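Engineer: model the structure of this input:
(chains A, B, C and D)
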2 protein chains.
Amino acid sequence: MITERQASILGMVVDEYVVTAEPVSSKALVDRRGLEVSSATIRNELARLEAEGYITHPYTSAGRVPSDMGYRFYVEALMAEEAVGMDERRTVEHQLHQVAGGLDEWLSLTAAILSSLVGNVAVVTRPRAQGVRLRNAQLVELNRETVLLVAVMDDGRVRQRILPMPVALTQDQLNERAQRLNRLLSGKDAGEIRSLVTDAMEADEAAVARILADIVQEQRVAEETFVEGVNTALRQPEFSDVDRLLEAVAQLQAYRLRSFLEPAVDGSPGSTQVIIGSENVDAGMQDWSIVVARYGGMDASGAVAVVGPTRMAYRRTIPRVRYVASLMGQLLHEVRQ
Amino acid sequence: MITERQASILGMVVDEYVVTAEPVSSKALVDRRGLEVSSATIRNELARLEAEGYITHPYTSAGRVPSDMGYRFYVEALMAEEAVGMDERRTVEHQLHQVAGGLDEWLSLTAAILSSLVGNVAVVTRPRAQGVRLRNAQLVELNRETVLLVAVMDDGRVRQRILPMPVALTQDQLNERAQRLNRLLSGKDAGEIRSLVTDAMEADEAAVARILADIVQEQRVAEETFVEGVNTALRQPEFSDVDRLLEAVAQLQAYRLRSFLEPAVDGSPGSTQVIIGSENVDAGMQDWSIVVARYGGMDASGAVAVVGPTRMAYRRTIPRVRYVASLMGQLLHEVRQ
DNA sequence: GGTTAGCACTCTGACCCCGAGAGTGCTAAT
DNA sequence: ATTAGCACTCTCGGGGTCAGAGTGCTAACC
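Structural biologist: Alright, predicted model coming up:
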């Protein structure tokens, strides 16, 4: 158990360390926070906090650094969230409504905006629907031997695939085929499409249907995860030595991030979750914190996240992740209904 | 002018430096290359080469390092190209024929393969057609208020855009509209589409046509440039200090690379071009070399490139870039005709 | 009992020095 | 033209030193 004053001191240590990135000394707290007590008193309190495990020492005569447990306590009990200002909201919403294009553009722009808002890496995953269904398929002639199959899923995904054309068909004939496929398969999920492939079907029609089933199911990590802000995030002092920096670059690959977000996305819906340092299951992420919020509803949902060193401005980051996630939810709703 | 022996020594210096990444000493040349002369003789020749500007000294008692001019001479006159082996070809072609999907998958896979082949960053740009034409447009209902416009261009590009639906229409009605648009606009380029937007058209049909014209024209750097291998390339010894490493990470952004390739792509068609260090116009690229080949034909062409430190295995890289470019040309031909 | 001044103690980080090692450049002999 | 030999130069790593920052403790104070 820690006293109220100890808690407040812990809060100051975190706030201070987050901006300076240097161990916080007792004197620095008294000076910069205008405390009414002497540095010796603070030292006693710091010693207590350390004994309880909320902070640590890099070495004997250095200042204090919050431990993961300290950050956890801070996030849960101490932190005064810094609300998203009206001006921030305005610029974000302005930018988001500016962009023309599909879901992809929104997602990648959202990641970029969030990243610039918090100065760390932002990750946005594409909303994944429970049972994705085919909305529409189309066949477009590329040349005499190849056709392009374009499929639109009901989660807004668009996928294409190049197919050989067994018999030369005109575009009109292709349209006709596509219409037949649509009447049969539109609104169906991958399993249903597969079960509809019967012997009665023409051979190449059946082939297209099977491919459609694959497409409906398919998940491509690279195309599902939008990462922005790696460059700025790498300039933080925690990466001032080459090995750490390289490690960070490797860690921030889309496919890795995706795997870290996976469990979070499947977790509590709506709420914002914070994973701090050693709370990460992955060994390579022990020095990282993740703030992640799920967006969307029961039908289709994705994740908005910020990834950075454990020394993260949680009080700024958490509300901003939450805000962007709710914004994404609205946008998604507008598109899907 | 340099003598034949000096040239051959220069070649050895380059070959040696490329693998060891350490300044090459006269003794190392004699020992590892089994030369019939003494190291003192080599020292005299090295001094000549230095006087002529082909190599330099980091400091007095260090070995020699090729200058950009030295590399240039090496690439033009000395280098024995290392042919792409049959086994390499087989695996590459196997991998490339394996992948299902559209042009995008091919391009990104190609970049990945090339990168692994040469151990540096590989960049592949999407083929850009001279006058891109619309091949096919389609309207797909997303919900009562929004439609998804999917456009296929004749260079294989597929683009989508979400539009508000002014009047509620069924999917059948949307199909009909799309067919009308296709009859009118298919095979037209952006300018032609614009000129076909007349007052006679219905207002919202005209709006869609205008958007189609935009889409046909549009170039998105991020989606046009496929970069792979950054992670492995960063482990090279030239980036062993933090500042250089950060600089490299920043330099290898897709949008920057794109701008470096731009001039090269517009340059000589077919041939492979090598840009070494200070030959780069861009100030930030003075320590980098680029090997770039154009692929495709008159109608549509893109670039395949490898980017790395000037200490690059040119004799391996150049033939491999050329090979991959010709392969891409074939693939492109198969798809477009 | 909590608070504080004072002081000894510890650890870092910067700096400098030194010596080994590597490699050159030059000279003189072949 | 080549080469042996040698002086010279520069780097790099280890070790020593010193100032500075901060703590932890003790004893006095309110």
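Engineer: what's the mean pLDDT across the host helix or strand of A:E16?
Structural biologist: Using DSSP states H and E, A:E16 sits within helix A:4-20. Average pLDDT, helix A:4-20: 94.
Engineer: list the buried residues in that helix.
Structural biologist: Neighbour-count burial for helix A:4-20 flags A:6-7, A:9-18 (criterion: 16 or more other Cβ atoms under 10 Å in any protein chain shown). Quick note: C-beta positions are derived from backbone N, CA and C, even for glycine.
Engineer: any part of that helix near DNA strand D?
Structural biologist: No: using Cβ under 7 Å from any atom of the strand, helix A:4-20 stays clear of DNA strand D, coming no nearer than 9.5 Å.
Engineer: name the residues that touch the following helix or strand past that helix?
Structural biologist: Sequence order places helix A:26-33 as the next helix or strand after helix A:4-20, per DSSP H and E. Residues from elsewhere that reach helix A:26-33 (Cβ atoms under 8 Å, 6 or more residues apart in numbering or on different chains): A:9, A:12-13, A:16, A:35, A:37-40, A:42-43, A:46, A:63.
Engineer: and the angle from helix A:26-33 to helix A:4-20?
Structural biologist: Calculated by axes from the mean of the first three to the mean of the last three Cα atoms, to 10 degrees, helix A:26-33 forms an angle of 80 degrees with helix A:4-20.
Engineer: contacts for the helix or strand just after helix A:26-33?
Structural biologist: Downstream of helix A:26-33, the first helix or strand assigned by DSSP H and E is helix A:39-52. For helix A:39-52, the surrounding residues in contact (Cβ under 8 Å, 6+ apart) are A:2, A:5-6, A:9-10, A:13, A:25-27, A:29-30, A:35, A:55-57, A:64, A:70.
Engineer: mind doing that once more with 10 Å?
Structural biologist: Under the contact criterion Cβ atoms under 10 Å, 6 or more residues apart in numbering or on different chains, helix A:39-52 has outside partners A:1-3, A:5-10, A:12-13, A:24-31, A:33, A:35, A:37, A:54-57, A:63-64, A:66-67, A:69-70, A:73.
Engineer: drop anything exposed from those residues.
Structural biologist: By 16+ other Cβ under 10 Å, the contacts of helix A:39-52 give A:2, A:6-7, A:9-10, A:12-13, A:24-26, A:28-30, A:35, A:54-56, A:63-64, A:66-67, A:69-70, A:73 as buried.
Engineer: still on that earlier bit, which one of the contacts of helix A:26-33 is nearest to B:A151?
Structural biologist: For the contacts of helix A:26-33, the closest approach to B:A151 (Cβ to Cβ) belongs to A:E16, at 54.1 Å.
Engineer: next one: stretch A:30-46 to chain centre, how far?
Structural biologist: Put simply, stretch A:30-46 sits 39 Å off its chain's centre (Cα atoms, centre = their mean, to the nearest Å).
Engineer: name the helix or strand for A:M69, please.
Structural biologist: According to DSSP H and E, A:M69 maps onto helix A:68-73.
Engineer: I'd like the next helix or strand past that helix.
Structural biologist: Assignment by DSSP H and E places the next element after helix A:68-73 at helix A:86-98.
Engineer: restricting to C-alpha, output that next one in PDB.
Structural biologist: Provided in PDB are the C-alpha atoms of helix A:86-98 (Å, rounded to 0.1, in the frame of the first residue of the first chain):
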ATOM      1  CA  MET A  86     -11.600  21.100 -30.300                       C
ATOM      2  CA  ASP A  87      -8.900  22.300 -32.700                       C
ATOM      3  CA  GLU A  88      -7.400  18.800 -32.800                       C
ATOM      4  CA  ARG A  89     -10.800  17.300 -33.500                       C
ATOM      5  CA  ARG A  90     -11.500  19.900 -36.200                       C
ATOM      6  CA  THR A  91      -8.300  19.300 -38.100                       C
ATOM      7  CA  VAL A  92      -8.600  15.500 -37.800                       C
ATOM      8  CA  GLU A  93     -12.200  15.400 -39.000                       C
ATOM      9  CA  HIS A  94     -11.400  17.900 -41.700                       C
ATOM     10  CA  GLN A  95      -8.500  15.800 -43.000                       C
ATOM     11  CA  LEU A  96     -10.600  12.600 -42.900                       C
ATOM     12  CA  HIS A  97     -13.500  14.000 -44.800                       C
ATOM     13  CA  GLN A  98     -11.100  15.400 -47.400                       C
END
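Engineer: with chain B in mind, check whether the helix or strand following it reaches it.
Structural biologist: Downstream of helix A:86-98, the first helix or strand assigned by DSSP H and E is helix A:103-118. Yes: with Cβ under 10 Å from any Cβ of the partner chain as the criterion, chain B is reached by helix A:103-118 at A:103-106, A:108.
Engineer: where exactly do the helices run in the stretch 151-300 of chain A?
Structural biologist: In order along the chain, the stretch 151-300 of chain A carries the following helices (DSSP state H, counting those that start in this stretch): A:171-185, A:190-196, A:203-217, A:221-224, A:230-233, A:242-251, A:254-266.
Engineer: what would those look like in CSV with mean pLDDT?
Structural biologist: Putting the helices of the stretch 151-300 of chain A into CSV (pLDDT from 0 to 100) gives the following:
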stretch, mean pLDDT
helix A:171-185, 89
helix A:190-196, 89
helix A:203-217, 87
helix A:221-224, 67
helix A:230-233, 92
helix A:242-251, 90
helix A:254-266, 72
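Engineer: A:A122: what secondary structure?
Structural biologist: Put simply, A:A122 is strand when judged by DSSP: H, G, I helix; E, B strand; the rest coil.
Engineer: quick one: contacts for it?
Structural biologist: A:110-116, A:226-230, A:233, A:291, A:304-308, A:317, A:320-321, A:324.
Engineer: repeat that for 7 Å
Structural biologist: Contact analysis of A:A122 by Cβ atoms under 7 Å, 6 or more residues apart in numbering or on different chains lists A:111, A:114-115, A:228-229, A:306.
Engineer: how much space separates it from DNA strand C?
Structural biologist: 31 Å (Cβ to the nearest atom of the strand, to the nearest Å).
Engineer: up against chain B, what does the stretch 101-250 of chain A have?
Structural biologist: A:101-102, A:135-136, A:138, A:140, A:142-144, A:146, A:148, A:150, A:152, A:156, A:158, A:160-162, A:231, A:234-235, A:240-242, A:245-246, A:249-250 (Cβ under 7 Å from any Cβ of the partner chain).
Engineer: returning to what we had before: filter the contacts of helix A:39-52 down to the ones close to DNA strand C.
Structural biologist: Answer for the contacts of helix A:39-52 near DNA strand C (Cβ under 7 Å from any atom of the strand): A:V37.
Engineer: how many neighbouring residues does A:R159 have?
Structural biologist: 20 (other Cβ atoms under 10 Å in any protein chain shown).
Engineer: please tell me how far it sits from B:E145.
Structural biologist: Applying Cβ to Cβ, to the nearest Å, the value for A:R159 to B:E145 is 24 Å.
Engineer: next one: A:G131
Structural biologist: 23 Å.
Engineer: for A:D287, give me its contacts.
Structural biologist: A:277, A:309-310.
Engineer: oh, that last question was meant for A:V197, not what I typed.
Structural biologist: A:V197 is in contact with A:206, A:209-210, counting by Cβ under 7 Å, 6+ apart.
Engineer: phi, psi for it please.
Structural biologist: Backbone geometry at A:V197, expressed as degrees, to the nearest 10, gives phi -80, psi 100.
Engineer: where's it relative to DNA strand C, distance?
Structural biologist: A:V197 is 66 Å from DNA strand C, by Cβ to the nearest atom of the strand.
Engineer: how many neighbouring residues does A:A190 have?
Structural biologist: Residues near A:A190, counting by other Cβ under 10 Å, number 18.
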